[in-house]
Structures are given as structure tokens and as C-alpha cells.
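In: The sequence and its predicted three-dimensional model are supplied below.
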Amino acid sequence: MGESDVPKKPRKRPVDINALAASIVKDAIGEGEPEDIGDKDPAAVALGRKGGLKGGKARAAALSKKKRAEIAKKAAKARWGTAKN
């Protein structure tokens, strides 16, 4: 089972125990309903997922060492700076 086969968010399961069991069996044998992406273009959804996987690493690689240090200092100050009364 590849990484792309795993749904991003689990869909809602039935509350009834028998319906839940039936949906689990259908999912296990591949007869379950495909994940609903609504009105979105499937190609755009795939591209968005691809971009999300590389986001932080690509941004860090594109930044200079000086800029990364500035961002890190700002984050540290926000986290560890003086508390507001």
C-alpha cells in the first residue's frame, strides 16, 4: 500500500456497529466508496499534496543562511520573549 493510497483525513464512519463493520470490510476488500474530493479537480488535488510534502524543506533550501537565522531569532523571541501582563 503506497503513501498515496492512504487518505489524508479519514471519512466519517457509521455509528451503528453493524454498519461500521460492513464499511470496514468493504474498505478492506477494496469495495468501499472512493474518498470524496467534492468539486475539486483531481489533478489539482494531487499537485497540492505534492507541494505540501516538500514545502518546508524547499523553502529552507531557497533561503539564505542569514535569512533563516533572522526567522529563527524571531520565532525564538516570540516563544521565549517576555510575557505580556
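Out: Looks like it arrived, so ask away. Keep in mind that what you see is a predicted model, and the values were worked out from it rather than measured.
In: What is the helix or strand of the chain with the lowest mean pLDDT packed up against?
Out: Counting by mean pLDDT, DSSP states H and E, the chain has its least confident helix or strand at helix 42-62, which shows a mean of 78. Contact partners of helix 42-62 among helices and strands, from 3 or more CB pairs under 8 Å, 6 or more residues apart in numbering; DSSP states H and E: none. Any C-beta I mention is one placed from the backbone N, CA and C, and that applies to glycine too.
In: burial measure for Asp27, as a count.
Out: 14 (other CB atoms under 10 Å).
In: and if you look at Ser64?
Out: Neighbour count of Ser64, defined by other CB under 10 Å: 8.
In: next one: Glu31
Out: Other residues lying near Glu31 total 9 when counted by other CB under 10 Å.
In: which ones are touching Val25?
Out: Shown in contact with Val25 (CB atoms under 8 Å, 6 or more residues apart in numbering): no residues.
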